[in-house]
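**Student:** pasting the sequence and the predicted model now:
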Amino acid sequence: MSDGVPSKSQVKKAGSTIRKYFREEVDFDVAVDAVAVVEDWRRAHYIPLVSANNGLRSRARTAGVEAEVTQRLKRRQTIMDKVQREPTLDLSRMQDIGGCRAVVESIDDLRRLEERVKNGRVPVVGGADYIAEPRQSGYRGVHVIVEYQGRQIEIQLRTTTMHSWALAAEDFSQMLGLNLKQDGDHPVQLFLATASEMMALLETGEEIPDPLRALHEQRRLDALPLLP
């Protein structure tokens, strides 16, 4: 550990230890030490995250794109939940501990900003285009993983329409205690998936086919009894 920042091998071991604790294979004291490593690793992303946020704002300005830019550092409990949920995840390689988001008015604006981010001086080390290939859940957006000061930061790009859908999915997730942005076949997830498809068509000026409207209405009726 250097200057309070754990090495990647220490972080990987901490993730494995936390996973073992959830399986009741190690005792509490061992887990406490592992959680301390996770917290140190989490804090090590803060300054790179601020740099990424400032860089994203600057790229939006130079691209001539009006963007609402925000940042978040993933909560410690959320990190541990993800480690438990994904048994093969190497914690030292988790790409979204620090995250920035830009919400823009149109897909054209989004693509212009995406180009600026990808062609900048900051290394791009990964990403996904959930507009070209939406998630089964209906989630849409573009993710670009950049590296600032040795830390990977996830940049999310969404239009206001995509962001509205994501906020609705988060609200329903809190109501039901489920992560509805993940792929699945829960009735509310199916309802959100067709809603996303309809919103995407409207955003590009296309008409909504009658069969899709009918399917969405049926899924709405299926989901309604499950909502508080």
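**Tutor:** Looks like it arrived, so ask away.

**Student:** quick one: residue 117 and residue 56 touch, right?
**Tutor:** Yes. Counting by C-beta atoms under 8 Å, residue 117 does reach residue 56; the two are 7.0 Å apart. All C-beta spots, glycine's among them, are computed from the backbone N, C-alpha and C.

**Student:** now the element after the helix-or-strand element of the chain with minimal mean pLDDT, going C-ward?
**Tutor:** Of all helical and strand segments in the chain, the minimum by mean pLDDT, DSSP states H and E falls on helix 76-85, at a mean of 89. Going down the chain from helix 76-85, the next helix or strand is strand 98-104, by DSSP states H and E.

**Student:** what mean pLDDT does that next one have?
**Tutor:** Average pLDDT, strand 98-104: 98.

**Student:** how far does it sit from its chain's centre?
**Tutor:** 9 Å (C-alpha atoms, centre = their mean, to the nearest Å).

**Student:** same thing with stretch 77-92?
**Tutor:** Using C-alpha atoms, centre = their mean, the offset of stretch 77-92 from its chain centre is 14 Å.

**Student:** tell me how far stretch 128-145 lies from the chain's centre.
**Tutor:** So, by C-alpha atoms, centre = their mean, the centroid of stretch 128-145 is 10 Å from its chain's centroid.

**Student:** now do the helices in this structure.
**Tutor:** 8-22, 28-43, 46-63, 76-85, 107-118, 160-176, 187-203, 210-223 (DSSP state H).

**Student:** could I get the ones you listed as JSON lines with distance to residue 145 and mean neighbour count?
**Tutor:** JSON lines is the format used below for those (distance: least, C-beta to C-beta, whole Å; neighbours: other C-beta atoms under 10 Å):
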{"stretch": "helix 8-22", "distance to residue 145": "16", "mean neighbour count": "18"}
{"stretch": "helix 28-43", "distance to residue 145": "17", "mean neighbour count": "16"}
{"stretch": "helix 46-63", "distance to residue 145": "10", "mean neighbour count": "18"}
{"stretch": "helix 76-85", "distance to residue 145": "16", "mean neighbour count": "16"}
{"stretch": "helix 107-118", "distance to residue 145": "10", "mean neighbour count": "18"}
{"stretch": "helix 160-176", "distance to residue 145": "18", "mean neighbour count": "17"}
{"stretch": "helix 187-203", "distance to residue 145": "23", "mean neighbour count": "20"}
{"stretch": "helix 210-223", "distance to residue 145": "33", "mean neighbour count": "13"}
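
**Student:** got the CA positions of stretch 159-177 in CSV?
**Tutor:** Extracted in CSV, the C-alpha atoms of stretch 159-177 (Å, rounded to 0.1, in the frame of the first residue of the first chain):
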residue,chain,number,x,y,z
THR,A,159,-30.4,12.1,-24.1
THR,A,160,-33.1,13.7,-21.9
THR,A,161,-35.5,11.0,-23.2
MET,A,162,-33.1,8.2,-22.2
HIS,A,163,-32.5,9.8,-18.8
SER,A,164,-36.2,10.1,-18.1
TRP,A,165,-36.6,6.3,-18.8
ALA,A,166,-33.6,5.6,-16.5
LEU,A,167,-35.1,7.7,-13.7
ALA,A,168,-38.4,5.9,-14.0
ALA,A,169,-36.7,2.6,-13.8
GLU,A,170,-34.8,3.7,-10.7
ASP,A,171,-38.0,4.8,-9.1
PHE,A,172,-39.7,1.5,-9.8
SER,A,173,-36.6,-0.3,-8.6
GLN,A,174,-36.8,1.4,-5.2
MET,A,175,-40.5,0.7,-4.9
LEU,A,176,-40.0,-3.0,-5.6
GLY,A,177,-36.5,-3.6,-4.1
